[in-house]
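Visitor: got a sequence here, can you model it:
(one chain, ligands or ions: 1)
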Amino acid sequence: MPHLQPVPLKVALLNTPEIELWPAALLRARSNHDARALARARRVLRRKRDGAYLAADLREGLLPLIPGLQREPGIEAALDALDAMPLHARNGLEHVGELPLHRLHERLDRLGIDEADYADRTSLALVAEPDWLAFAGVDRYRRPLWLHIDAARAWLRMHDEAWRDGVVLEAISGYRSHDYQLGIFEWKLGRGLSVDDILAVNAAPGFSEHHSGLALDIGEPDEPPAEESFERTAAFAWLQDHAGEHGFAMSYPRDNPHGIVYEPWHWAYAPG
Ligand SMILES: [Zn+2]
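Guide: Predicted coordinates:
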């Protein structure tokens, strides 16, 4: 779908391989030190792996929030993206590019996941992250919902139409980075699960549709998130009748060819 008009920079998350550039106004302070920096910052550089705040972009310059910022992996790409911001601020964002996948190959290797074998077994393909994401409101947990701009526009339209029909669609989760997915694996490995145990429930890092920003998990208020019982809600019935009109389809119906468990809550934007 063609972009309607450039998107203002202030409602965009700029993405680089290891670091995200967040609008400071959308972040919560975790300490008094953060609070003072956030109040004056335009952007905050945030490590994708663990969400740590690395630096604040202030009018007078970059304020490091961690020691050794210069040695932080990926800092150069993040600073390049920061340098490009005045241009985006003037022109807005329009074209969505993709980040390279090379770091992912190493990481899958380290987890002992054979990429080709996994892709073969699941018929899933590697999914690149977009180089920026659009703010699409907040999710159930009051976190910013980031989506690919095309999916963001379609989601907001669909959400409003459902609302007019008396149905509340609630976003549970939208864009997720490769690093975020990797973090899930590391956390579960730390709790004694094997890689195979984890793969039974979670897509391998790099293979989740959420990486593209085109997929989101949808729920209904007061219903448990991401449960099969979602298929018995009014929200699900509405989606079955109308999601297609908005370009959304359920990615993992029962007995899907990917061998992924039935996920009635997971919908992806793929107009066609
Ligand atoms: Zn999902």
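Visitor: going by C-alpha atoms from here, please, whenever you check contacts or count neighbours.
Guide: Noted.
Visitor: identify the residue of the stretch 51-200 of the chain closest to the ion, quick one.
Guide: Ser173 (7.2 Å; C-alpha to the ion).
Visitor: around that residue, count how many other residues there are.
Guide: Neighbourhood size, Ser173 [other C-alpha atoms under 10 Å]: 24.
Visitor: likewise for the one 3 residues further on?
Guide: Using other C-alpha under 10 Å, Arg176 has 22 neighbouring residues.
Visitor: quick check, it in a strand?
Guide: No. Using DSSP: H, G, I helix; E, B strand; the rest coil, the secondary structure at Arg176 is coil, not a strand.
Visitor: could you report the pLDDT at it?
Guide: pLDDT for Arg176: 96.
Visitor: same deal with Leu104?
Guide: 89.
Visitor: nearest residue to it other than its sequence neighbours?
Guide: Counting by C-alpha to C-alpha, 6 or more residues apart in numbering, Leu104 lies nearest to Gly206, which is 6.7 Å off, once chain neighbours are set aside.
Visitor: pull the contacting residues for that neighbour.
Guide: Leu104, Leu126, Val127, Ala128, His178, Gln181 (C-alpha atoms under 8 Å, 6 or more residues apart in numbering).
Visitor: again, 6 Å this time
Guide: Shown in contact with Gly206 (C-alpha atoms under 6 Å, 6 or more residues apart in numbering): Leu126, Val127, His178.
Visitor: count the neighbours of the first one for me.
Guide: The local packing of Leu126 (other C-alpha under 10 Å) involves 18 other residues.
Visitor: how about it, what does it touch?
Guide: Gly206, Phe207.
Visitor: buried residues, the strand or helix carrying Asp197. List them.
Guide: Assigned by DSSP states H and E, Asp197 falls within helix 195-199. Buried residues in helix 195-199, counted by 16 or more other C-alpha atoms under 10 Å: Val195, Ile198.
Visitor: hey, C-alpha coordinates of that helix in PDB?
Guide: Listed next in PDB are the C-alpha coordinates belonging to helix 195-199 (Å, rounded to 0.1, in the frame of the first residue of the first chain):
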ATOM      1  CA  VAL A 195      16.900 -24.900  23.000                       C
ATOM      2  CA  ASP A 196      14.500 -27.500  21.700                       C
ATOM      3  CA  ASP A 197      12.100 -26.900  24.600                       C
ATOM      4  CA  ILE A 198      12.000 -23.200  23.800                       C
ATOM      5  CA  LEU A 199      11.600 -23.700  20.100                       C
END
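Visitor: noted, bye for now.
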